[in-house]
Every structure is written in structure tokens, then in C-alpha cells.
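In: Sequence first, predicted coordinates after that:
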Amino acid sequence: MQPVHIIGAGLAGSEAAWQVARAGVPAILHEMRPNTATFAHKTGDCAEMVCSNSFRSDDDVTNAVGQLHWEMRAAGGLIMAMADRHRLPAGGALAVDREEFARAVTQALRADPLIEIRTEEVSELPQDGNWIVATGPLTSDLLATSIRNLTGTDALAFFDAIAPIVHADTIDMSVAWEQSRYDKGATEAERRAYINCPMDKPQYEAFIDALLAAEKTQFREGETAGYFDGCLPIEVMAERGRETLRHGPMKPVGLTNAHRPQDKPYAVVQLRRDNALGTLYNIVGFQTKMKYGAQSQVFRMIPGLEQASFARLGGIHRNSFLNSPTLLDDRMRLRHRPNLRFAGQVTGVEGYVESAAMGLLAGRMAAAQARGRDLGPPPVTTATGALVNHITGGAEARTFQPMNVNFGLFPPLDQMRGGRKGRKDRYPAYTQRAKDGFKAWLDAQ
Ligand SMILES: Cc1cc2nc3c(=O)[nH]c(=O)nc-3n(C[C@H](O)[C@H](O)[C@H](O)COP(=O)(O)OP(=O)(O)OC[C@H]3O[C@@H](n4cnc5c(N)ncnc54)[C@H](O)[C@@H]3O)c2cc1C
């Protein structure tokens, strides 16, 4: 039987190889470390966790990451099995001994007779065969060039520039209003495409003070190579002058406060729809390197966002990722070269767990293909399905940035209460629906 080739033995590639072998299909895993290094990895082990040692919340009832854990366990995932084996006490979080964990993943892969690990850098995208590219946020330069040659230069980014994303139903619409600047747009939906949050002068000044005072994270050594000035963090814009933001992303022109038309706002924060469901909005131009705790505090100073719940906070990192909504089909294949499947962080998901989940899915799909079958994604009501649906079509392609799993990606449940207050009932209902859907998807294979 034709093997499945996997490039990159990180969180996604390791899980993909495991899933391929579990389906009885041979897997060849190509990993460049330790011969070729990255600035973040320290070992030659598979599935090395480069920063925190946490897989985040393990609560599969009221947390979307916990639900993703549940689905990966249900699918016999190697990453979850080894994480469980090397778990450390961490309250409700799943933290692991990172060295023991990576060693155990490597041993399990090496011990599997269907898996061959080759220590080599793949520098060109192959023309034929059944391949999974899982080279992660630090894809090697040679391969990145090959990807760009095939997909176009704008289709593979080298840095993310993530603006915070807000659950739409937690925005106070008695303060904010929907309007596009100068009411531009051919349809009513276009003319109301943005949600606007107004600030008066004292509010703006206090906001600038808070931005300047907030704690920031720094780029790591080696991380900034190739960084360009086009996606400045908002706090850096504020450092360049107190009025810079008011003339940039917070300019108040072309907008009329729908609640108080007589008051001209001194500055306006705009939010733009982030997914087709309309459940998520990003704060336009607000990419930031403020620490997470500081971000929640500072952004809740924005009128209308006092009670905001964030689906993800902002950041800027070295991160190779594809514009997946335009490039990948729902089987995670490159539309115009379907022998190439992508998985992990390079597809525009963010985080160890999400990357491993996409590896799990790509591995199963590639193994099905090797056996002459077609495997579709799990339903969009599951955590895995919601995530893959987001990156392969649900997200806005024009402004696509990496995404964590969160309940904003799940289709809303009819007749459930929205907003922060409804979460107590809504989240367990989402995860129960996800479990049912995921079990049915597994049973059908
Ligand atoms: C500095 C930094 C800090 C991070 N901190 C966190 C964190 O705290 N928590 C979190 O959840 N996520 C964090 N991430 C994101 C994290 O990297 C991903 O979540 C996760 O590792 C992605 O899994 P992956 O398998 O897609 O990529 P990786 O785990 O990076 O695996 C990709 C593998 O491909 C290999 N490779 C690359 N190019 C080639 C090639 N041409 N040929 C062969 N092999 C190749 C690499 O050596 C690597 O082993 C961080 C990322 C970076 C860069």
C-alpha cells in the first residue's frame, strides 16, 4: 500500500502519523530536527512543546478546549494519551512534564512497525504521492519558499497580527451601533458591517494612558527576522504620539452615533465580523503585544465592551500560516494540488491542542484516501468540526488570522439565552451536542 508522507514531527505531524498507522497504513515522518534547528525548539524529540507546558482546560463540559481533548481521546489520539500519562497537578488544566511527554511520543512512534522516521529537511513540495504538510509556525525557509511559489506570496504569512476577538452577544448594543464608515456598501448588510464603540475625550485619554502603562511581552531572540513595520501593535502606535490612534484605527470620521446623533465621538473603536455565523467580531487594527491580563482590562475600558467576553486575545508572533479559507478544501487539501494536505498550526489554527487535533483529522483523512475511501470532516457542531470549518471556509479570508477553538465557532443553539449570563446553560448544551456528533462521526468510519 502507498504510504502517507508527513512533513514535520511536531504536535500535528506526530498525531497524524499515529492515526495513519492505526488505520493500518504505513507512514513516513520527515523531521528536520535536530539536524536543522528552529529558534524555539531545543531537542530532536517529536511533539516538543516550545513554550508553556499546558494543554489548557481539561473541562469537557463548559470549555471548548476541554471538549477538543475529549474528542481526541475518543479518537484514540496519541498526544492526549501521552499527556494523560505525564500529567502534572495543575487544577483544572492539563499540564504535562514536557520532556517526559515528548520522549514518550517519540518512543511510541519509533516503536510502531508502520511508522518510519527520517531525519531530513524537506525543501520542496512533492509533485505526487499522499502528503501531509505539518511544518508548523516555524516552517523552514526553503519549504516556505516552495509553498509560496505554489500558492502565491500573499497566501503564506510569516507573522500573525492578531487583534482581539469578541463574542458578539457580549457587546452592549445600547452603547455601540452598527454602521460602515460613510455608510459605504451596496447592501444594507454592507452598510451595517461594523460595530462602533464611541469614546469622548476623557475616555480616550484614559485609554491611551492604560495602553502605555500596560505590561507587554517581548519578541524572543531570533523571532523578529523578517518582521516588517506594516502591522504595528496599537501600544507602539500610541507611543508614537497620543493622537496617532485617533488618526489611525480609532478615527471618528464618517460615523454617527445611532443612540446620540448630536454627540460627535472623539474617537471610535470599530469591530468587524470575523466569521460567517456572525458570532465573532475582531477589534479592527488592535493587534497588540500587551500581556493577556492587561488586554482584558484595557479593552474593557472601551464603551460597549465593559462586559465583553473574548474568544481570543491579541498577539503578534513569528508564525507561518496559510490563507486556508481560500486555499484548502474541507478535506484540508490544497484545492489545486490535492495530493498535498496541510495540518497543524500552518493551517491557521493556534495552539498545541488545536494543532494536534488538525493532525488527527488530516491523518485519518489521508489514511482513508490511501485505502481508496473518502472521509469528510466531523459535523460543525463538534469542536474538531467547528475548527476545521472555520479555517477552510467559515472565516473571513481577507482578514484571516490564526484561531483558537472557542464556542463562538459553534453554530448557535436555538432558544438558548445569549450573552455572558446564558453561558451556564449554553456551554454544557454545546458540548453534549458535540459529543453526540463526534461519536456518530467515529461510528460511521
Ligand atoms: C515561540 C513560540 C511559542 C509558542 N508558545 C505556545 C504555547 O505556549 N502554547 C501553545 O499552545 N502554543 C504555542 N506556540 C504555538 C505552537 O508552536 C503550536 O501550537 C504547536 O507547536 C504547533 O504544532 P505543529 O505541529 O503545527 O508545529 P510544530 O510543533 O512546530 O511542529 C512542526 C515541525 O516541523 C518541523 N519542520 C519545519 N520545517 C520542516 C521541513 N522543511 N522539513 C522537515 N521538518 C520541518 C519542525 O522542526 C517541527 O518539529 C508557540 C509557538 C512559538 C513559535
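Out: Good, I have the coordinates.

In: Got phi/psi on the residue of the stretch 201-350 of the chain found nearest the ligand?
Out: In the stretch 201-350 of the chain, the residue that lies nearest the ligand is Gly344 (2.5 Å; CB to the nearest ligand atom). C-beta here means a position set from N, CA and C on the backbone, and glycine is covered the same way. Backbone torsions of Gly344, given as degrees, to the nearest 10, read phi 90, psi -160.

In: What is the burial count for it?
Out: Per other CB atoms under 10 Å, the neighbour tally for Gly344 reads 31.

In: list the contacts for it?
Out: Going by CB atoms under 8 Å, 6 or more residues apart in numbering, Gly344 touches Gly8, Gly10, Leu11, Ala12, Gly13, Ala134, Thr135, Gly136, Ser355, Ala356, Met358, Gly359.

In: Out of the residues you listed, which two sit at the greatest distance?
Out: Farthest pair in the contacts of Gly344 (CB to CB) is Thr135 and Ala356. Separation: 14.6 Å.

In: returning to what we had before: Thr151 versus the residue of the stretch 201-350 of the chain closest to the ligand, what's the distance?
Out: The gap separating Gly344 from Thr151 is 16 Å, by CB to CB, to the nearest Å.

In: Mind pulling up the pLDDT for Asp160?
Out: Note for Asp160: predicted pLDDT of 86.

In: Quick check: closest non-adjacent residue to the residue of the stretch 1-150 of the chain found nearest the ligand.
Out: The stretch 1-150 of the chain approaches the ligand most closely through Gly10 (1.7 Å), counting by CB to the nearest ligand atom. Spatial nearest neighbour of Gly10, excluding adjacent residues (CB to CB, 6 or more residues apart in numbering): Gly136 at 4.8 Å.

In: Same check on Glu221?
Out: Phe39 (7.0 Å).

In: What number of residues are in the vicinity of the one you found?
Out: By other CB under 10 Å, neighbour count at Phe39 equals 12.

In: so it sits in a helix?
Out: No. Assigned with DSSP: H, G, I helix; E, B strand; the rest coil, Phe39 falls outside any helix and is coil.

In: Quick check: it touching Thr224?
Out: No. Counting by CB atoms under 8 Å, Thr224 is not a contact partner of Phe39; they are 10.0 Å apart.

In: Pull up the overlap in contacts between the two.
Out: Arg318.

In: still on that earlier bit, wait, what's in contact with the residue nearest to Glu221?
Out: So Phe39 contacts Leu138, Arg220, Glu221, Gly222, Glu223, Arg318 (CB under 8 Å, 6+ apart).

In: try 7 Å this time
Out: Going by CB atoms under 7 Å, 6 or more residues apart in numbering, Phe39 touches Arg220, Glu221, Gly222, Glu223.

In: which of these tops the neighbour count?
Out: So for the contacts of Phe39 (other CB under 10 Å), the most neighbours sit at Glu223, 17 neighbours.

In: Verify the stated contact: that one with Arg318.
Out: Yes. Between Glu223 and Arg318 there is a contact at 4.6 Å, judged by CB atoms under 7 Å.

In: near the ligand, which residues of the chain?
Out: 7-13, 30-33, 38, 40-41, 50-52, 121-122, 134-140, 143, 220, 318, 344-346, 351-352, 355 (CB under 6 Å from any ligand atom).

In: how about the helices of this protein, start to end?
Out: 11-22, 64-74, 78-85, 98-111, 141-151, 188-191, 201-213, 234-239, 292-299, 324-327, 352-370, 383-389, 423-443 (DSSP state H).

In: could those helices go into CSV alongside distance to His336, mean neighbour count and mean pLDDT?
Out: Below are the helices of the chain laid out as CSV (distance: least, CB to CB, whole Å; neighbours: other CB atoms under 10 Å; pLDDT from 0 to 100):
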stretch, distance to His336, mean neighbour count, mean pLDDT
helix 11-22, 22, 30, 98
helix 64-74, 30, 24, 98
helix 78-85, 31, 22, 98
helix 98-111, 31, 19, 97
helix 141-151, 8, 17, 95
helix 188-191, 30, 12, 88
helix 201-213, 43, 16, 97
helix 234-239, 37, 20, 93
helix 292-299, 38, 17, 96
helix 324-327, 8, 21, 96
helix 352-370, 17, 27, 98
helix 383-389, 19, 28, 98
helix 423-443, 27, 17, 96
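
In: now for those helices, which one comes closest to Val268?
Out: Of the helices of the chain, nearest to Val268 by CB to CB is helix 201-213, at 9.9 Å.

In: C-alpha coordinates for that closest one, CSV please?
Out: Extracted in CSV, the C-alpha atoms of helix 201-213 (Å, rounded to 0.1, in the frame of the first residue of the first chain):
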residue,chain,number,x,y,z
LYS,A,201,-12.1,62.9,25.1
PRO,A,202,-11.6,61.8,28.8
GLN,A,203,-12.3,58.2,27.9
TYR,A,204,-9.8,58.4,25.0
GLU,A,205,-7.1,59.9,27.2
ALA,A,206,-7.6,57.3,29.9
PHE,A,207,-7.5,54.6,27.3
ILE,A,208,-4.1,55.9,25.9
ASP,A,209,-2.7,56.1,29.5
ALA,A,210,-3.7,52.5,30.1
LEU,A,211,-2.2,51.3,26.8
LEU,A,212,1.1,53.0,27.6
ALA,A,213,1.2,51.6,31.2
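
In: Show me the shaky parts of the stretch 151-300 of the chain.
Out: Residue ranges of the stretch 151-300 of the chain with pLDDT under 70: 225-230.

In: the strands in it, which residues?
Out: 156-159, 165-167, 177-178, 194-199, 267-273, 280-283 (DSSP state E, counting those that start in this stretch).

In: Give me the sheet partners of the longest one and which way each runs.
Out: Going back to what we said before, that points to strand 267-273. Strand 267-273 pairs in its sheet with strand 194-199 (antiparallel), strand 280-283 (antiparallel), by DSSP bridges.

In: Same question for the second one.
Out: When sheet partners are counted by DSSP bridges, strand 165-167 sits next to strand 280-283 (antiparallel), strand 310-312 (antiparallel).

In: Just the residues contacting that strand, thanks.
Out: Contacts for strand 165-167 (CB under 7 Å, 6+ apart): 271, 274, 279-283, 305, 308-312, 408.

In: Give me the distance from it to the chain's centre.
Out: Using CA atoms, centre = their mean, to the nearest Å, the mean C-alpha position of strand 165-167 is found 13 Å from that of the whole chain.

In: Kindly report the same for the fifth one.
Out: Averaging C-alpha positions (CA atoms, centre = their mean) puts strand 267-273 22 Å from its chain's average.

In: can you dump the C-alpha coordinates of that strand into PDB?
Out: In PDB, the C-alpha atoms belonging to strand 267-273 read as follows (Å, rounded to 0.1, in the frame of the first residue of the first chain):
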ATOM      1  CA  ALA A 267     -12.600  58.500  18.800                       C
ATOM      2  CA  VAL A 268     -14.300  55.300  17.700                       C
ATOM      3  CA  VAL A 269     -13.300  51.700  18.100                       C
ATOM      4  CA  GLN A 270     -14.600  49.600  15.300                       C
ATOM      5  CA  LEU A 271     -15.300  45.800  15.300                       C
ATOM      6  CA  ARG A 272     -15.600  43.800  12.200                       C
ATOM      7  CA  ARG A 273     -17.400  40.500  11.600                       C
END
